[in-house]
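**Student:** Predicted structure and sequence below. I'll ask about it afterward.
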Amino acid sequence: MNKDFKQTSRSGSLPWLLQRISAVILFVLLLLHFITYHFLSKGRAVNYQEIVAKAGSWWFPLLQFAFLLTALYHGLNGLWSVLEDYTANKFWRLVWYGLLLSVGAVLLFVGTLTIIKLYTLPVA
Amino acid sequence: MKIDEARNYHKIDAVIVGAGLAGLRAALEVAKSGLAAAVISKVYPTRSHSGGAQGGIAAALANVSEDSLESHMFDTIKGSDYLADQDIIERFVNEALKTVYEFEHMGVPFSRTADGRINQRPFGGHSSPRACFAQDVTGHVLLHTLYEQCLQHNVLFFNEFQVLSLLVSDDVSRGLVAWDIRNGGLHIFHARAVLLATGGYGRAWKVTSNAHANTGDGVALVLEAGLPLEDMEFVQFHPTGLYKHGILLSEAARGEGAYILNDKGERFMKTYAAAKMELAPRDVVSRAEQTEINEGRGIGGKDYVYLDLRHLGRQKILERLPQIYDLALNYLKVDGIKEAIPIQPTAHYSMGGIPANVRTEVIKDAAGTVVKGLYTAGEASCLSLHGANRLGTNSLQDAATFGRIAGIHMSEFCRENNFSGLPAQPLEIAQGKIDRLWNGQGKERHAPIREKLQENMTKYLGVFRNQDDMLKMLVMIKELQERYRQVTVDDHGDVFNLDLIEALELENLLSFSEVIVEGALARQESRGAHFRNDFPKRNDGEWLKHTLAWRRDGKIVLDFSKGVVIYPQYQPQERKY
Amino acid sequence: MAMIDISVKILRYQPGKDEKPHWQVFNIAVEDESTILDVLNEIHWQHDGTLAYRRSCRSSICGSCAMKVNGRNVLACETPIHRFGRKLKIEPLSGFDIIKDLVVDLDPFFAKLKRIRPYLILDKPAPDKEFVQSPEQLEQIGESTLCILCAACSAACPSSWPNSEYLGPAALLKAYRFIFDSRDDGADQRIEIVNDKNGVWRCHTIFNCVEACPKKIKITEYLSRLKVKVVENSL
Amino acid sequence: MYKRTRFYDFTYYNFIGSWAWILHRLAGLALIFYLCLHIWVINSLTHGEAAFNNVMAFLNGVPFKLLETGLWGVILFHAFNGVRIVIIDFFKGSLVHKKLFIVLIAVAFILWALGSYLILQHVQWRAG
Ligand SMILES: Cc1cc2nc3c(=O)[nH]c(=O)nc-3n(C[C@H](O)[C@H](O)[C@H](O)COP(=O)(O)OP(=O)(O)OC[C@H]3O[C@@H](n4cnc5c(N)ncnc54)[C@H](O)[C@@H]3O)c2cc1C
Ligand code: HEM
Ligand code: SF4
Ligand code: F3S
Ligand code: FES
């Protein structure tokens, strides 16, 4: 009758807050990203020259990196929260967490590499 | 297997039947004193009917205007039509303030005055604004707060257990037997002290403000145990029941200034209680309403009148009376801001019940002999605080205050007394009731019998009574009791057998209804809520006394030797409002 | 007032007899002004005594009779049938285990309530009279105290369907009610409890709870305030 | 006792709030999936112009441009409903959440139409 309710693990406030902060940042960055790459290429499709041309400015790669970081955090954190919804079990939650961390690490690595390489390439 | 080894055997210091305000308040007190307290309730505690109380809880805090304990006392005495015992009222008003402050400290969200104190509103029969309230859900917040307090203090809850018999013998209470509604099976509760706080018995009427659970089980069980009931004929009819449903529209509406109108649009209370108008006590207003209806001035000549809120304005209605507004809208599709709401008198409060003294100990005769270890509080009890008519908001206060007092005395009793032995066959009576319903040969169903009882109680034992009607009712009850013997139930399952529960409740309804009718027949006068057309006057010479009733050999035996406790300074006077 | 014929489909489950719930249709005549509860009573009293459901006050204050009617959670006693037409489909509340027919096991629901310490916690001695609480301070929690613990909200919340451990809107609302009570000193304890993987963070502002709440409590708004409070507290 | 936990109760009526949530969730999942793919694809940029243009030629065909308008829609829905969620969380948006949904999604729809027009202008018809 007086069953007690079990607590799992503490906290969740920081991810929740960061999810919202990253959302607001993304709102700006993502739209910017889409506009610069997908719309503003004046009649032509995205092409190599155009992208590499942007490498000249120092702030552009930085922006790209910020975008990569927030999108990865927001997306994977979101995915984690979804998985948590469907797994009450503490063990599986840890497994998911580990998996997402690794995926995140790989993607961050690949993405960063892309940015670095791209913006150190010579303009043809 | 010996009983005390059985799985369904519980040995607990204090067992409290009923999780309304009275039961929970008592349990809290016992638990706080360090003893084990168990609450048995046939519904989840927060489903108890106390939660339905809307208007407020009385205490002379004097937060919004002058007030005094003497004034509260006098109002209660006058409201009771001088049938109440004044020593009880004295203790009651003295403890009332403490009860309310305690509630506030527990966290009850009382509505506030501008300077942050508990707000109070006027209520029928009270001479100053004395009703402490939380919007129009006072009972709800009190009940929930108490339940939560009980959780904090580790009261044991046996929710959805229905008590089927009391184990009382040789004037000593030993415990009780209850049916586990959820899983099936009988459980024995062996206790040092038992409290009966099973609430009222309004469900004997068709038009009633009471919950389905208010079937007067406690009073019927006491009767079955060979103990008496007191003043059962006094049942309050509330003037503002929602038309056809009987659902209560709180007196708070009138406290806030609502009018009652007849077909001609008149505030007819001016001819019945010119000074207090709509805020006269309930018996007076209900009779006025019924008279208007009987004389053809109901709305469209029908059996209802109007409760009019419109002049209060949208804001006040939604702020102070949101529940009333919602109820009218949901059940009758009437928008209380724009339209008047159809109402009729509804069976509301049971003044009578299990007799007890000021220590809430159940007594077994007019001399006040105590049944050891048996206590009662709340609407199930008759202390008698409300006499022939209860004042609005006094009953929540009654349940809470005497619940607390019961808790104190029970704790004392538990410390001084050991468990008394159980009878040899504790389950016998309860098992018998169930076996008959499951294995009987009869073909009767419980529902038609109950419906017939309720319809006729509303017809023959309503606001106005007379000998012929009541004799008819008595014959009918006998008939229905006879038919009840032939009742069997469709459902033979153990788990949540609603059929069985309702059939068991019907047995109780039929049992105490007979006492109501016998008492009302015998009492040849009109006092408070008991009004007889054939004896329209109060008769203090002959009837200033309580009714005690036993069932002996299948017959109701009445005794009028229990007098009313009256203080010299509060002698009976004519009751005028 | 007139009689009308309606068709009522009820999800039946009789423990011991039935392996799993199944539908049963009752074609009956009722008054057109009936509520869902009147319909159930009619069936139970006149047609099939084995039907089980909870009810008590029949005036929408006790919280016994929450159930799912035509896909929505309602209080049976306050819901007129004309809201749904002549075909009714009545089921027990989602998410909770079924004891029998429309009766569900609410023990976990109440256990969660107990979990958030639903009582005033005081560091200071209580005054002789009442605590002073301004109408504005009361206003903060006023609406949340109207909750009748009917469980309609928790049963309607998609977050609680796959995860029976989620505290759920009702318990969280209760936490709000105490944390935001000007008299209470127990906010820290309770914040720690709701700041949990199965606590307030499982709420994704879905609003089903608000749609289901018979007392029209703006639950999501209060949960949002609770979340912000928890965040502030843990920063 | 009959046990019942389920992934989603499909018999429960969906109100605006639950539609918004379901779609937001599906959109979010689609986006994180897309993001993974995207990072991988862009990585091909680092393998020189030829490799890049090869991939791009493939992606600039009609089917992928149509998919891109879809992506744009998913992003807009998720982004604008995301803004709605933030307003609900911090700015009492819950009191008007249905109106917010309608207004924000209407704006998102207009942007979607505009954007899709631009995207489809970019279609590179394969040399025949
Ligand atoms: C609609 C309405 C409005 C009211 N408004 C006001 C108001 O504004 N102010 C005021 O002062 N008073 C009001 N009253 C009266 C007041 O609410 C009641 O008198 C009071 O709440 C009674 O409390 P109680 O604890 O005695 O019983 P209840 O609250 O009725 O509780 C009875 C308990 O007993 C249990 N029980 C009964 N039988 C059994 C059994 N066989 N086995 C196990 N458990 C059993 C039930 O489950 C329940 O828990 C109102 C009454 C009604 C009907
Ligand atoms: C454009 C701006 C974006 C905004 C404003 C935004 C907003 C939000 C918000 C507020 C949430 C939290 C929902 C909740 O907790 O209930 C969320 C969840 C999520 N977001 Fe975003 N988001 C954006 C972009 C993205 C992108 C680019 C991705 C993919 C990489 C993404 C993936 C997700 C995922 C997977 C979730 C979890 C879904 C859920 O909880 O139901 N979002 N988003
Ligand atoms: S918040 Fe509303 S729906 Fe939820 S339990 Fe309370 S009253 Fe019922
Ligand atoms: S439905 Fe559930 S997710 Fe939150 S807003 Fe209500 S609790
Ligand atoms: S029966 Fe009490 S809420 Fe419906």
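**Tutor:** Now that the structure is in, tell me what you want to look at. Ligands and ions are numbered 1, 2, ... in the order given.

**Student:** just the helices in chain C please.
**Tutor:** C:36-42, C:107-115, C:135-142, C:152-156, C:168-179, C:187-194, C:208-212, C:219-234 (DSSP state H).

**Student:** So which bits of the lengthiest helix in chain B are buried?
**Tutor:** If you go by DSSP H, chain B has its longest helix at helix B:498-522. For helix B:498-522, a neighbour-count test (16 or more other CB atoms under 10 Å in any protein chain shown) marks B:498-521 as buried. For glycine as for every other residue, the C-beta is placed from the backbone atoms N, C-alpha and C.

**Student:** Output the contacting helices and strands for it.
**Tutor:** Judged by 3 or more CB pairs under 8 Å, 6 or more residues apart in numbering or on different chains; DSSP states H and E, helix B:498-522 is in contact with strand B:161-169, strand B:172-180, helix B:217-224, helix B:428-439, helix B:446-460, helix B:467-484, strand B:548-552, strand B:555-559.

**Student:** strand partners of the first one, parallel vs antiparallel please.
**Tutor:** Looking back up the chat, that one is strand B:161-169. Applying DSSP bridges, strand B:161-169 is found paired with strand B:172-180 (antiparallel).

**Student:** tell me which parts of chain A are close to ligand 2?
**Tutor:** Counting by CB under 6 Å from any ligand atom, chain A comes close to ligand 2 at A:19-20, A:23, A:26-27, A:30, A:71, A:74-75, A:78-79, A:81-82.

**Student:** What residue in chain A comes nearest to ligand 2?
**Tutor:** A:Gly78 (2.2 Å; CB to the nearest ligand atom).

**Student:** Tell me who's in contact with that residue.
**Tutor:** Counting by CB atoms under 8 Å, 6 or more residues apart in numbering or on different chains, A:Gly78 touches A:19, D:28, D:32.

**Student:** The last one - that's part of a strand, no?
**Tutor:** The one in question is D:Ile32. No: checked against DSSP: H, G, I helix; E, B strand; the rest coil, D:Ile32 lies outside a strand; its state is helix.

**Student:** what residues are up against residue 12?
**Tutor:** Going with chain A. The neighbours of A:Gly12, taking CB under 8 Å, 6+ apart as the test, are C:195-197, C:199-201.

**Student:** please go with chain B instead
**Tutor:** By CB under 8 Å, 6+ apart, the neighbours of B:Ile12 are B:36-38, B:156, B:189-191.

**Student:** Could you look up the SS state of it?
**Tutor:** strand.

**Student:** Look up the closest residue to it, ignoring the ones flanking it.
**Tutor:** If you skip the residues right next to it in sequence, B:Ile12 has B:Ala38 as its closest partner in space, 4.5 Å away by CB to CB, 6 or more residues apart in numbering or on different chains.

**Student:** quick one: contacts for the spatially closest residue to B:His446 that is not a sequence neighbour?
**Tutor:** Spatially, and ignoring its direct neighbours in sequence, B:His446 is nearest to B:Ala503 (4.3 Å; CB to CB, 6+ apart). Applying CB under 8 Å, 6+ apart, we find B:Ala503 in contact with B:437, B:446, B:487, B:489.

**Student:** redo that, cut-off 10 Å
**Tutor:** Taking CB atoms under 10 Å, 6 or more residues apart in numbering or on different chains, we find B:Ala503 in contact with B:433-434, B:436-438, B:444-447, B:449-450, B:484, B:487-491, B:497, C:49.

**Student:** Pull out the buried residues from those residues.
**Tutor:** Among the contacts of B:Ala503, those classed as buried by 16+ other CB under 10 Å are B:433-434, B:436-437, B:444-447, B:449-450, B:484, B:487-491, B:497, C:49.

**Student:** Report the buried residues of stretch B:357-372.
**Tutor:** Buried residues in stretch B:357-372 (16+ other CB under 10 Å): B:357-366, B:370-372.

**Student:** mind putting those in a markdown table, pLDDT included?
**Tutor:** A markdown table is the format used below for the buried residues of stretch B:357-372 (pLDDT from 0 to 100):
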| residue | pLDDT |
| --- | --- |
| B:Asn357 | 96 |
| B:Val358 | 95 |
| B:Arg359 | 96 |
| B:Thr360 | 97 |
| B:Glu361 | 97 |
| B:Val362 | 98 |
| B:Ile363 | 97 |
| B:Lys364 | 95 |
| B:Asp365 | 94 |
| B:Ala366 | 94 |
| B:Val370 | 97 |
| B:Val371 | 97 |
| B:Lys372 | 96 |
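
**Student:** confidence score at A:Phe121?
**Tutor:** Phe isn't right for residue A:121; it's Leu. Looking at A:Leu121, its pLDDT reads 62.

**Student:** anything in stretch B:394-412 near chain C?
**Tutor:** No: counting by CB under 10 Å from any CB of the partner chain, chain C is not contacted by stretch B:394-412; separation bottoms out at 14.1 Å.

**Student:** Pull up the residues of chain C that are close to ligand 2.
**Tutor:** Proximity of chain C to ligand 2 is confined to C:His204 under the rule CB under 6 Å from any ligand atom.

**Student:** try 8 Å this time
**Tutor:** C:204-205 (CB under 8 Å from any ligand atom).

**Student:** can you give me the strands in chain C?
**Tutor:** All strands of chain C, identified by DSSP state E, fall at C:3-12, C:22-31, C:66-69, C:72-75, C:87-91, C:98-100, C:103-104.

**Student:** Give me the mean pLDDT for the second one.
**Tutor:** The average pLDDT for strand C:22-31 rounds to 96.

**Student:** now do stretch B:536-544
**Tutor:** Rounded mean pLDDT across stretch B:536-544 is 94.

**Student:** now do the same end-to-end measure for it.
**Tutor:** With CA to CA, to the nearest Å as the measure, stretch B:536-544 spans 15 Å from end to end.

**Student:** Okay, buried residues for that stretch please.
**Tutor:** By neighbour count on 16+ other CB under 10 Å, the buried set for stretch B:536-544 is B:538, B:540, B:543-544.

**Student:** Quick check: what element follows the helix or strand of chain A with the lowest mean pLDDT along the chain?
**Tutor:** When the helices and strands of chain A are scored by mean pLDDT, DSSP states H and E, helix A:48-53 comes last with a mean of 64. Where DSSP states H and E defines the elements, the next helix or strand beyond helix A:48-53 is helix A:59-86.

**Student:** touching ligand 4 at all, that following helix?
**Tutor:** No: contact of helix A:59-86 with ligand 4 (CB under 8 Å from any ligand atom) is absent, the minimum separation being 9.6 Å.

**Student:** Would you list the phi and psi of the nearest residue to C:Arg55 once chain neighbours are set aside?
**Tutor:** Excluding the flanking residues, the one nearest C:Arg55 by CB to CB, 6+ apart is C:Cys65, at 4.6 Å. Geometry field for C:Cys65 lists phi and psi as phi -100, psi 30, criterion degrees, to the nearest 10.

**Student:** This completes my enquiry, with thanks.
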